[in-house]
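Undergrad: give the three-dimensional model of this entry:
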Amino acid sequence: MKRRRPPLQSYRQYEKLIYKTIHKFMNGHPYISWDEALAVANEAFVRAERAYNPNKGSFSTHLWNWVYYSLLNYLNAYPFPPPISDSEVLIDYNNNGERNLRFKQWLEGLREDAQEIINLIMESPKELVNEIASTSRGLNSACICRYLMKKDWTEYRINTSFKEIRKGLRQL
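TA: Next up, the predicted model:
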């Protein structure tokens, strides 16, 4: 028996699935804004509705694929983030007030190598930012490791520093 195609799906019925897919996608791709991602996902919803064939599977699976891969195609079409100049300041983490006192105390207790990695992340020199921009995954430990290896750090030094940082962050 041939299944009939259902009437147009209700957006509200699948809104949570769309939002969840966007959130999951944005965790690994921080350079896309929520508004951009939602616009791409809404367009994907309309296209998924038009292309849906009930004989091939459920609409929710079909929709998830449309949303996820539409976001991925959108991200791959544009360079994120744009390369920055030396004069731009990314983060000023020294002026955050008393709420970060515990973090600052933890940071001061780290060994020098671990502090250097944290400062590298917070200050993000142009070389590191441009390396991050060349990947679609954003800032991650592999990116930092490549950068540190270029600065003649050993694997052992990098690994022990990362272990110390991870352990401390779990305890915060």
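
Undergrad: tell me where the protein has helices.
TA: Along the chain, the segments classed as helices by DSSP state H run 11-28, 34-51, 59-77, 101-108, 112-123, 126-133, 141-150, 155-171.

Undergrad: can you lay out those as a markdown table showing mean neighbour count and mean pLDDT?
TA: To be clear about C-beta, it is placed using only N, CA and C from the backbone, and glycine gets the same treatment. Rendered in a markdown table, the data for these read as follows (neighbours: other C-beta atoms under 10 Å; pLDDT from 0 to 100):
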| stretch | mean neighbour count | mean pLDDT |
| --- | --- | --- |
| helix 11-28 | 14 | 88 |
| helix 34-51 | 16 | 90 |
| helix 59-77 | 17 | 89 |
| helix 101-108 | 12 | 75 |
| helix 112-123 | 15 | 82 |
| helix 126-133 | 16 | 72 |
| helix 141-150 | 15 | 81 |
| helix 155-171 | 13 | 83 |
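
Undergrad: burial of Ser124, as a residue count?
TA: Using other C-beta atoms under 10 Å, Ser124 is surrounded by 17 other residues.

Undergrad: measure it to Asn140 for me?
TA: Summarising the geometry, the distance separating Ser124 from Asn140, computed by C-beta to C-beta, to the nearest Å, is 13 Å.

Undergrad: what residue spans form the domains of this structure?
TA: Domains of the chain are assigned by automatic domain parsing as 11-77, 98-171.

Undergrad: off-centre distance for the shortest one?
TA: It refers to domain 11-77. If you compare the mean C-alpha spot of domain 11-77 with that of the full chain, they lie 16 Å apart, counting by C-alpha atoms, centre = their mean, to the nearest Å.

Undergrad: span of that domain from start to end?
TA: Taking C-alpha to C-alpha, to the nearest Å, the span from the opening residue of domain 11-77 to its closing residue is 26 Å.

Undergrad: number the residues from 541 up from this point.
TA: Let's use 541 as the start, then, which means that last one is domain 551-617.

Undergrad: ends of stretch 564-584, how far apart?
TA: The first and last residues of stretch 564-584 sit 16 Å apart, counting by C-alpha to C-alpha.

Undergrad: what's the answer for stretch 669-682, then?
TA: Counting by C-alpha to C-alpha, the terminal residues of stretch 669-682 are separated by 13 Å.

Undergrad: over to stretch 563-573?
TA: Start-to-end span of stretch 563-573 (C-alpha to C-alpha) is 11 Å.

Undergrad: one more: stretch 562-577?
TA: Across its full length, stretch 562-577 reaches 7 Å between end residues, using C-alpha to C-alpha.
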